[in-house]
Structures are given as structure tokens and as C-alpha cells.
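Visitor: predicted model and sequence below, questions to follow.
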Amino acid sequence: MSVQAIPLTYKGHPLRRKDSLIYYGSMAEKYIIMLQILDQKKDKDMDVATKVSVQLQLTDPDLKSRDRVVKKTEKDSLYAAMDVASVWLDRALSSK
């Protein structure tokens with residue numbers, strides 16, 4: 001019997017993490033969110049993000065990486081960044 005890994009999702013969109021980068025959304029869609037943890041602090045034994053960059057990007061592989069960015073902002077917590085990210089992604093994907 002094989003165990004299938006259930007992908008992590010937030011409000012119906014997949015989340016993928018690689019080091020300090022978090023990708024929110026699917027590359028099969030027109031837009032994706034890239035969150036980059038810029039700064040973090042230790043709180044007891046856990047690292048907590050204190051500065052997070054949020055970018056709404058086009059997924060078109062033919063564009064240069066700087067031309068893919070549609071919107072960007074910085075937030076002071078991962079919670080605030082995910083809140084903005086979910087709104088931006090839902091609005092961008094609904095305006096196809």
C-alpha cells in the first residue's frame with residue numbers, strides 16, 4: 001500500500017516552499033504569488049518571519065523575471081503576507 005503525500009494548500013491554492021521562498025498558486029494558472037522571507041528572528045526555539053516580500057507574478061516562461069512582476073509589497077509578518085497574497089491571487093485569477 002503506497003502512501004500519497006497530500007499537497008499543502010491555503011484557501012484552495014497549493015503552497016510550495018524552497019528555503020526562504022514560498023510559491024502560492026499553480027504554475028498551470030496565469031498568475032502565481034512568490035513570497036520571500038527577507039528577515040526573521042528567534043522566538044524561543046522557532047524562527048519567525050519579520051519581513052516578507054510579496055509579488056504577484058505572471059507564469060509566462062517567455063517573459064524575463066523582472067517583467068513577470070505585476071504587483072509587489074512588503075509585510076512585517078508571514079500572516080499579513082499570506083492575507084494579501086490570497087486576495088491578490090483570487091482577484092487576478094478571477095479577472096481572466
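Guide: Arrived safely. Numbers count the residues shown, from 1 in each chain.
Visitor: where in this protein is pLDDT low?
Guide: Within the chain, the segments meeting pLDDT under 70 span 1-4, 6, 96.
Visitor: buried set for stretch 67-80?
Guide: 68, 75, 78 (16 or more other C-beta atoms under 10 Å). Every residue, glycine included, has its C-beta placed from N, CA and C.
Visitor: er, stretch 16-28 I mean
Guide: 22-25.
Visitor: could you dump the residues you listed to JSON lines with secondary structure?
Guide: Output for the buried residues of stretch 16-28, formatted as JSON lines (DSSP: H, G, I helix; E, B strand; the rest coil):
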{"residue": "22", "secondary structure": "strand"}
{"residue": "23", "secondary structure": "strand"}
{"residue": "24", "secondary structure": "strand"}
{"residue": "25", "secondary structure": "coil"}
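Visitor: same list (these) but as CSV, adding distance to residue 49.
Guide: Output for the buried residues of stretch 16-28, formatted as CSV (distance: C-beta to C-beta, whole Å):
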residue, distance to residue 49
22, 10
23, 16
24, 14
25, 19
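Visitor: just to revisit the earlier point, restricted to helices, list the buried residues of stretch 67-80.
Guide: 68, 78 (DSSP state H).
Visitor: closest to residue 12 among the buried residues of stretch 67-80?
Guide: Nearest to residue 12 among these, counting by C-beta to C-beta, is residue 78 at 18.6 Å.
Visitor: what about the closest one, distance to residue 45?
Guide: Going from residue 78 to residue 45 by C-beta to C-beta, to the nearest Å gives 17 Å.
Visitor: next one: residue 75
Guide: 24 Å.
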